[in-house]
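1. got a predicted structure here, sequence first:
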Amino acid sequence: MGAHCADPRTVPPVTAPAHPRPARPVAAPSAEAGLPILKWVGGKSRLLPRLTEHYDEQATVIEPFFGGGALSFHLAAQRPDLRVVANDQISPLIDIYQAVRDDVEAFIADVDHYALPYLALDGKDARRAFYYQLREQYMTSAVDGPAPLFFMLWCAYSGLYRTGKKYPGRFNTSHGFGAEKPDFYHADRLRSAAAHMATWQFSAGDFMQALDATGTDTFVLLDPPYRGTYTGYTGDGFDEADQLRVVEFFKAADARGAKVVYTNKYTADGYYEQHFAGYRIDTASIRYQVNRNCADVGRPETLEVIISN
């Protein structure tokens with residue numbers, strides 16, 4: 001995992017105004033506790049009421065597809081001693097969580113190295129230019145580490161993590177104008193999350209490596225990429241063979257005594273009824289917000305399948 005300290009020499013060559021940088025407001029910790037620290041496409045914040053119905057005070061939560069970690073952060077705010085095993089195939093994402101956990105104040109200072117000059121710029125065009133200059137430096141590895149990626153994820157379109165072919169494995173999502181408020185990345189939410197994550201175990205790689213942690217008194221959320229949708233944003237993809245491995249994980253964790261919940265986009269092709277025969281199959285209509293600046297009115301709903309043992 002990479003070091004998280006920013007190098008002052010790596011500031012993108014955008015000239016900020018000479019007036020003082022905006023002061024960072026301090027949010028009440030109670031308002032930030034239990035919330036994810038990232039915008040993340042496919043995050044399960046809106047599905048939490050249905051997911052928590054299945055949680056029965058297990059000591060450990062296991063998320064092999066951690067992403068934004070909405071469930072873990074939500075439960076940890078209610079149970080501070082909660083142990084979490086978090087895995088994701090996107091190693092730069094895991095680097096962010098580890099940097100926040102290991103030294104949150106240093107991480108906030110590193111993020112402000114980019115956020116404060118960005119906010120001090122006058123107008124969307126200047127901020128867009130700042131973002132794209134930083135993104136170019138990040139793609140070419142002139143700038144690296146969790147802090148610039150974290151900053152860009154908050155500024156990027158819908159919090160989408162995407163990589164490209166020209167620079168494999170390097171973030172290249174377009175600017176999205178989501179980061180306009182002084183505390184757009186919620187520094188106090190990071191502080192609250194850092195306290196919860198002190199004992200969490202992180203790993204980056206194939207989801208199957210989390211199976212060894214399952215057992216009695218564990219709660220597993222399996223939230224793989226949607227079936228039948230484009231999954232090549234990170235260059236790795238996730239095909240039907242991988243989806244079947246998730247089914248295998250579900251059944252193996254069940255056999256080990258874990259409580260297991262699986263979510264995906266519901267399809268009427270009989271796939272879930274075939275592969276999860278004998279398990280409880282429910283559905284829930286969720287309207288996901290693709291762009292936080294757009295209203296939900298008129299946005300199509302997604303029918304989620306929720307399968308549990």
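-> Okay, I see it.

2. could you use CA atoms for every contact and neighbour count after this?
-> OK.

3. ok, which stretches of the stretch 101-250 of the chain are strands?
-> Taking DSSP state E, counting those that start in this stretch, the strands of the stretch 101-250 of the chain run over residues 201-204, 218-222.

4. so which of the ones you listed has the densest surroundings on average?
-> Of the strands of the stretch 101-250 of the chain, the one with the most neighbours on average (mean count of other Cα atoms under 10 Å) is strand 218-222, at a mean of 24.

5. neighbouring strands - and their directions - for that one?
-> If you go by DSSP bridges, strand 218-222 pairs up with strand 60-63 (parallel), strand 259-265 (parallel).

6. name the stretch among these that sits most buried.
-> Of all the strands paired with strand 218-222, strand 60-63 has the most neighbours on average by mean count of other Cα under 10 Å, namely a mean of 24.

7. contacts for the very next helix or strand once past it, please.
-> Elements were assigned by DSSP states H and E; along the chain past strand 60-63, the next helix or strand is helix 70-78. The contact list for helix 70-78 (Cα atoms under 8 Å, 6 or more residues apart in numbering) reads 33-36, 43-45, 48, 51-52, 61, 82, 84, 193, 196.

8. same thing with stretch 246-261?
-> Stretch 246-261 is contacted by residues 51, 54, 208, 211, 214-222, 224, 262, 275-276, 306-309 when judged by Cα under 8 Å, 6+ apart.

9. in helices, which of those residues fall?
-> Assignment to helices by DSSP state H places the following of these there: 51, 275.

10. mind giving me the PyMOL select for the contacts of stretch 246-261, buried ones only?
-> To isolate the buried subset of the contacts of stretch 246-261 in PyMOL, counting by 16 or more other Cα atoms under 10 Å, use the following:
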select buried, resi 51+211+214+215+216+218+219+220+221+222+224+262+276+306+307+308+309
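
11. now stretch 108-121: how far from the chain's centre is it?
-> Distance, stretch centre to chain centre, for stretch 108-121: 21 Å (Cα atoms, centre = their mean, to the nearest Å).

12. host element of the nearest residue to residue 202 once chain neighbours are set aside?
-> Leaving aside its sequence neighbours, residue 202 sits nearest to residue 86 (Cα to Cα, 6 or more residues apart in numbering; 4.9 Å). For residue 86, the element it lies in under DSSP H and E is strand 83-88.

13. and residue 273, by the same measure?
-> Taking DSSP H and E as the criterion, residue 273 maps to helix 271-275.

14. how far off centre is that helix?
-> For helix 271-275, the distance to the chain centre is 28 Å (Cα atoms, centre = their mean).
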